[in-house]
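Student: no sequence for this one, just the structure:
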């Protein structure tokens, strides 16, 4: 059985952090909390340990890892950050924003999936920061779940997906934001949003000026090349088929039930309907983001044939929520009953 250490999210015991750091230094895997989701961490300079992350997750080898650092100085040792990225990092780190920059030669190719760039972030979680500091090395860490599954926002999600393929889990309870960090590529001009997250586009534009938002960043299809996590491949998906609904949710639910299907509804921002299973996610965008992945995991414990979820406004963190929902649904969105029936093959 995987070893689980329960730690205070704000003031973890030094001996617990030291134990986890020793696992990292010895080439092991540690699942740890960040402010966004739980990460599956290994020493970023240990190619063999980083390769274990891909095996544990079933992650495609061309999907790069994010490297977590405890300071800007540590980031500059492994990535060539342009001046504008340094200025943003000084204001936004620790925080849920990841910069894609040119990598230094010393970083193993497995971490960056052979790309000349590396994704860097400094997490705003006391446990994560103290773990990196105690390990004395940057930590490569994607989300601590099986590839394609909803990301883990609680330690129990990690154990459910990965079991004893992890050497140690630091359990600090529920994460703060619930969706992964914003990723911005600052090697291009203007900077390009690769994945929306808690650090919003509006905030990015206040600091950086123009920011390009390609279709895949809105969850409208996949990128051809994964320059960072979340750009390619199936992500965040429950086992129950999920359809986004951009019309009256009650009508959509009745239409599905009229076809003899058992249906679940995820309730977002006051939009709900009577169904065979009803899962409350949240009333405001930040509550929705925090609870989204847990709701998708709870969905798989219902006995339904299909799940419906309403769209939300793509402002602020709502853009990140819609990005995740589009990917979780396999890009299935119905704007009327006819489109819904078509998606159901009826």
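Tutor: That came in fine, so what should we check first? The structure presented is a predicted model; accordingly, all values stated were derived computationally and were not measured.
Student: which residues sit in contact with the nearest residue to residue 93 once chain neighbours are set aside?
Tutor: Spatial nearest neighbour of residue 93, chain neighbours left out: residue 122 (4.0 Å); criterion: Cβ to Cβ, 6 or more residues apart in numbering. Yep, even glycine has a C-beta here, placed from its N, CA and C like the rest. Residues near residue 122 by Cβ atoms under 8 Å, 6 or more residues apart in numbering: 68, 69, 70, 71, 72, 75, 89, 93, 94, 95, 129.
Student: Over to residue 122: give its phi and psi.
Tutor: Backbone torsions of residue 122, given as degrees, to the nearest 10, read phi -120, psi 100.
Student: What distance do you get for it to residue 20?
Tutor: 18 Å (Cβ to Cβ, to the nearest Å).
Student: Please verify my assumption that residue 308 contacts residue 255.
Tutor: No: between residue 308 and residue 255 there is no contact under Cβ atoms under 8 Å: 9.7 Å.
Student: Helices along the chain, start to end?
Tutor: 14-25, 47-57, 72-78, 83-92, 126-135, 155-162, 201-208, 249-258, 285-299, 318-328, 337-343 (DSSP state H).
Student: Output these as TSV; include the columns distance to residue 180 and mean neighbour count.
Tutor: Shown next, in TSV, are the helices of the chain (distance: least, Cβ to Cβ, whole Å; neighbours: other Cβ atoms under 10 Å):
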stretch	distance to residue 180	mean neighbour count
helix 14-25	21	18
helix 47-57	14	19
helix 72-78	18	17
helix 83-92	15	16
helix 126-135	13	23
helix 155-162	14	21
helix 201-208	15	16
helix 249-258	27	19
helix 285-299	10	22
helix 318-328	8	24
helix 337-343	27	16
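Student: can you list the domain ranges for this structure.
Tutor: Following the assignment in automatic domain parsing, the chain carries domains at 3-218, 242-343.
Student: Please name the residues that touch the most centrally placed residue in the chain.
Tutor: Central residue of the chain (Cα atoms, centre = their mean): residue 180, 3.2 Å from the mean position. The contact partners of residue 180, by Cβ under 8 Å, 6+ apart, come to 36, 37, 96, 143, 151, 195, 197, 229, 230.
Student: Recalculate using a threshold of 7 Å.
Tutor: Counting by Cβ atoms under 7 Å, 6 or more residues apart in numbering, residue 180 touches 36, 37, 143, 151, 195, 197, 230.
Student: and it, how far is that from residue 269?
Tutor: 21 Å.
Student: again, but for residue 137
Tutor: For residue 137, the distance to residue 269 equals 42 Å [Cβ to Cβ].
Student: give me the low-pLDDT residue ranges for the stretch 101-250 of the chain?
Tutor: Under the criterion pLDDT under 70, the flagged ranges of the stretch 101-250 of the chain are 224-227, 230-234.
Student: show me where it has strands.
Tutor: 117-121, 139-140, 168-171, 182-185, 192-195, 242-245 (DSSP state E, counting those that start in this stretch).
Student: What pairs with the shortest one, parallel or antiparallel?
Tutor: Sheet pairing here is set by DSSP bridges, and for strand 139-140 it gives strand 38-43 (antiparallel), strand 66-68 (antiparallel).
Student: same deal with the longest one?
Tutor: Each strand paired with strand 117-121, and its direction, by DSSP bridges: strand 66-68 (parallel), strand 97-103 (antiparallel).
Student: tell me the angle that strand makes with helix 83-92.
Tutor: Counting by axes from the mean of the first three to the mean of the last three Cα atoms, to 10 degrees, strand 117-121 points 20 degrees away from the direction of helix 83-92.
Student: from here on, count from 38
Tutor: From this message on, residue numbering opens at 38, which makes the last subject strand 154-158.
Student: And the contacts of strand 154-158?
Tutor: Against strand 154-158 from outside (Cβ under 7 Å, 6+ apart): 101, 103-106, 112, 115-116, 134-140, 144, 149, 218, 220, 224, 264-265.
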